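>>> A predicted structure for the sequence below; I have some questions about it.
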2 protein chains.
Amino acid sequence: MQRLNKLIAHITSRVNANLRPMGLDVSQVVETTLENINLIRYYAYYALSIDHPIYFNFQESNLGGSYFLGKCVVDRSIIHQSDVRGDELKGKGTKIMIGDVETELYRDEIIRIVNCFMIKTLVHNHSRNPETPEQFRILNAVAMHYSNIHGTTLEGAYIGPFATADLSVMHNCILGNFCYVQAGDLSRVYIDPGRIWIRKEHTYEFNYRYPQAILEKYVSWDQNGELSGLFVDFLKGRRSEFLPVYDSLAFDSPVPVPENAFLSRYSLVKGECSLGDNTLVAQRACIENSVLGKGCNAQENSYIVDSMLSDLVIVAHGGKVGHTNIGEKVFIGFNSFLQGTEENKITIGTGSIIMPHTIIHAKEPITIPDETIVWGYVATEDDLKRHSMALQDFAMQKNMNMDRMTFIGDGAAFVKDFQKRIEHILVDNGARFNGEKETRGHAQRTRSVSYNLVQPYLGGEKEGMFPTIIVDDS
Amino acid sequence: MQRLNKLIAHITSRVNANLRPMGLDVSQVVETTLENINLIRYYAYYALSIDHPIYFNFQESNLGGSYFLGKCVVDRSIIHQSDVRGDELKGKGTKIMIGDVETELYRDEIIRIVNCFMIKTLVHNHSRNPETPEQFRILNAVAMHYSNIHGTTLEGAYIGPFATADLSVMHNCILGNFCYVQAGDLSRVYIDPGRIWIRKEHTYEFNYRYPQAILEKYVSWDQNGELSGLFVDFLKGRRSEFLPVYDSLAFDSPVPVPENAFLSRYSLVKGECSLGDNTLVAQRACIENSVLGKGCNAQENSYIVDSMLSDLVIVAHGGKVGHTNIGEKVFIGFNSFLQGTEENKITIGTGSIIMPHTIIHAKEPITIPDETIVWGYVATEDDLKRHSMALQDFAMQKNMNMDRMTFIGDGAAFVKDFQKRIEHILVDNGARFNGEKETRGHAQRTRSVSYNLVQPYLGGEKEGMFPTIIVDDS
């Protein structure tokens, strides 16, 4: 394993060199994490789609258990059980606006991951980097368990477990556990654990910070440097249920899948479930005893258990939903944790927005009215009052302070941007498919996908390294 | 499937163009064969070995169900459920003798398959082509079910089902069903079905030809252009037993495998079996209720059922052995069919040679004495007398004629060459491994192998085509 050990040292050195001004040394966290993962056992998956440009090139890397779709380059990186989805990369010739400048892509956009360590990370969406719109670049970065890198160029970064970097550009930034950032161009910024930060320049800024005690109950590092807390407890055991799914090459859909819907053969379906038209259940999503209405999304690493979803519900990457009844066109943001029980059900009204990284852990039945926005930590109806607002009330705010949340700027723009984005996600995922070609989305476009599977070397100096592979069908 | 249909037309045209002087048109046989195979369903396998140079490059091809090891290039070909084993390719710097000229390889030898259609074909061993020793070239060829291409450069060829081209160079040749050829440099030669032809220039020539009625009982084309006969009946059903083996990525060895032996995870083990030290059971080999002594080989497509093998027994590619007790260091040649029954067992004495393409289909118990060479068709002890000879008697022959066999030349050289080759096979496969590194063979060298699996496109214009893939770890 000499080559693999060299690779680990290489990545650590490059990330440390870049985060040095921030005073962070990732050696310890990388080392402890590596002790608990098996770098030999798992295959990497490259999805062979007929609807996306194909190019895959990886060198000097370990990719065990990871899934790639679209044009990707991986060099000198360890990408463990992660999902790198290039299904929204921009094609050659696409015109984009950068500020008020229009420019055109001279090549298909490509995801390029260099000198990175990622574990159970989601990489999705095209980047917003004005410097090189042809490249979604992730360089010199450590991304921990269940973090999301969503359309965010990274050049030097540490992203803590369950943290999300959304639609940004980051140079040498540190994101604490379970923080969420969508704040444009950031350089040398440290984002506190459990902070939810949404900022649009000259328009609005939303901030919430989880109380430390609550945060640590859900996610923290224990004394041995291992990840612990209720999120981890929730996932423990459940992840291993995916093993038979990954061990089999044959696939027999466990539920009827409507013609225009997509159920990934690498998803997990348990108990009685049903899928409406245009639904999308992504790889590593788990649905159990649940109904998904027309146009619903169960995105990567989401869990939907004992729940009823009306039409057009989005459960974004890492959302965990249990004993919840959800009205039409509700958005459940990244890594949200909505756990009711048989007695204490959660009910969410039509058109509501559950912001990314929201925790609703019901100690009593919780009912969220229609058209409501919810954030932060909610265990009771009383908590809900302090962590939610009717959308139309929010839209009228300029500046406000509510418990641990502050908002500055244009509430109407904030609500409108959110709703616009939700509609975009529905369209992109194919929820609005009406039979016309131009309304196709991921649910329709990913149906005819096959897979290339790659194993690492099993012994010798290269043990654990994957071979150099180029898939090129241009 | 437009691309795939174009490819089929392309291959047919190239093969026909080259075989035109021989008056053969392969269009019909290719078309009928394609009607009966699924070009979409199966993965291709590239073995990632730590003991063999790695290079794999395929373009514009369909490789479903095929297995590749070592340096291979495939271009514009359909290689269906075939095995391309480059584990005996010569390395850069190897000195070779071509006639009495010594020369050195300036690159690692590579298998290069271009414009070919192969179905369930075995390609093995390095080539003996004096023109380009760095390339084992197979060009413009159609190789049918269970044919063997063994160290034979092909430039224009049709190889019938169950036929073997062994250690030769062939330009524009036609090999009839179940013929076996090891005859040096051949150009524009038609080899009759069921002919066994071994020739060493200026030294000896062996010929046998199966009676047509017997041959057709075992292998023939029926009126619908489909392959039929007892060989096909034997394989029918048995091949589908491999499906679960191929559908699973997990592998739990069904029998104890000694530390220096190799049981391919793509072999099939049924009932009670045991493996001695240094044994090798290759992919697509099936062993059932059988004992394999120390250093035995069960090569690709071999079946060993209800049989006892003493030490150092070789069952070569495609050998089918049932109810047979085999003494030490016996060689069972390519595609031999040795079928006893509970009542009519076959017994083979120590040191005997069952020539390639021998059929022993016992109507009564058959006992082959020690040190005997057997060829042709044997159903009774009486047949055996007319199709075998003690090795020491054979070694004294110059010219002979026995039933349908003729031999001209030096009997001692013929026997000696055979025995030398058998010892080579044992060494190459690791049967002689004694713990010293230089005695390692395939059984030891293939233990740490992992796999890259590749699926074709599942829809659209490219349906059935595999993507261009390059694996390069030089």
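Structure's in. What do you need?
>>> Assign a three-state SS to residue A:392, would you?
Following DSSP: H, G, I helix; E, B strand; the rest coil, we place residue A:392 in the helix state.
>>> Also residue A:234?
Bear in mind the rule, three-state DSSP; under it residue A:234 is helix.
>>> Tell me if I'm right that it and residue A:321 touch.
No - using C-beta atoms under 8 Å, residue A:234 is not in contact with residue A:321, being 11.4 Å away. For every residue, glycine as well, the C-beta is placed using N, CA and C.
>>> Using neighbour counts, pick out the buried residues of the strand or helix carrying residue A:30.
Using DSSP states H and E, residue A:30 maps to helix A:27-35. For helix A:27-35, a neighbour-count test (16 or more other C-beta atoms under 10 Å in any protein chain shown) marks A:29, A:30, A:33, A:34 as buried.
>>> nearest spatial neighbour of the last one, skipping sequence neighbours?
Put plainly, it is residue A:34. Leaving aside its sequence neighbours, residue A:34 sits nearest to residue A:8 (C-beta to C-beta, 6 or more residues apart in numbering or on different chains; 6.6 Å).
>>> what comes up buried for the host helix or strand of that neighbour?
Residue A:8 belongs to helix A:2-19 when assigned by DSSP H and E. By neighbour count, with 16+ other C-beta under 10 Å as the criterion, the buried positions of helix A:2-19 are A:3, A:4, A:7, A:8, A:11, A:12, A:14, A:15, A:16, A:18, A:19.
>>> And stretch A:239-249, by the same measure?
Buried residues in stretch A:239-249 (16+ other C-beta under 10 Å): A:242, A:245, A:246, A:249.
>>> What lies in contact with it?
A:42-43, A:65, A:265-268, A:270, A:284, A:286, B:43, B:246-250, B:453 (C-beta atoms under 8 Å, 6 or more residues apart in numbering or on different chains).
>>> Kindly state the domain boundaries assigned to chain A.
A:2-235+A:450-472, A:249-444 (automatic domain parsing).
>>> tell me how far the ends of the longest one are from each other?
Looking at domain A:2-235+A:450-472, the gap from its leading to its trailing residue is 30 Å under the measure C-alpha to C-alpha, to the nearest Å.
>>> Ok, the shortest one next?
This stretch, domain A:249-444, spans 22 Å end to end (C-alpha to C-alpha).
>>> hang on, the earlier thing: Serialize the domains of chain A to a markdown table and add fields for mean pLDDT.
Supplementary listing: those in a markdown table, determined by pLDDT from 0 to 100:
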| stretch | mean pLDDT |
| --- | --- |
| domain A:2-235+A:450-472 | 95 |
| domain A:249-444 | 97 |
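>>> Next, the angle helix A:27-35 makes with the helix holding residue A:8.
Here the directions of helix A:2-19 and helix A:27-35 differ by 150 degrees (axes from the mean of the first three to the mean of the last three C-alpha atoms, to 10 degrees).
>>> Show me what helix A:2-19 is packed against.
helix A:27-35, strand A:78-80, strand A:117-119, strand A:135-143, strand A:153-159, strand A:168-175 (3 or more C-beta pairs under 8 Å, 6 or more residues apart in numbering or on different chains; DSSP states H and E).
>>> name the helices or strands packed onto the third one?
Translated: strand A:117-119. If you count contacts as 3+ C-beta pairs under 8 Å, 6+ apart, strand A:117-119 packs onto helix A:2-19, strand A:78-80, strand A:135-143.
>>> Beyond that strand, next helix or strand please.
Immediately after strand A:117-119, counting by DSSP H and E, sits strand A:122-124.
>>> Can you give the strand pairings for that next one, parallel or anti for each?
strand A:83-85 (parallel), strand A:148-150 (parallel) (DSSP bridges).
>>> Residue B:158 is nearest to which of those?
Smallest distance to residue B:158 across the strands paired with strand A:122-124 (C-beta to C-beta): 45.7 Å, for strand A:83-85.
>>> Other residues contacting the closest one?
Contacts of strand A:83-85 (C-beta under 8 Å, 6+ apart): A:66-70, A:72, A:74, A:111, A:113, A:121-124, A:283-284, A:300-301.
>>> Any idea how far apart the tips of stretch A:88-103 sit?
18 Å.
>>> contact partners of it?
Residues contacting stretch A:88-103 (C-beta under 8 Å, 6+ apart): A:52-53, A:70-71, A:104-111, A:124-126, A:130, A:133, A:136, A:428.
>>> Cross those against strands and list the overlap.
A:104, A:110, A:111, A:124, A:136 (DSSP state E).
>>> distance of residue A:49 from residue B:368?
57 Å (C-beta to C-beta, to the nearest Å).
>>> now do residue A:173
For residue A:173 relative to residue B:368 (C-beta to C-beta), the value is 78 Å.
>>> Likewise for residue A:135?
70 Å.
>>> what about those two, which has more around it?
Higher neighbour count among residue A:135 and residue B:368: residue B:368, with 25 against 19, using other C-beta atoms under 10 Å in any protein chain shown.
>>> Got the phi and psi for the nearest residue to the more buried one once chain neighbours are set aside?
Computed as C-beta to C-beta, 6+ apart, the closest residue to residue B:368 that is not its neighbour in sequence is residue B:348, at 4.6 Å. Dihedral pair for residue B:348: phi -120, psi 130, per degrees, to the nearest 10.
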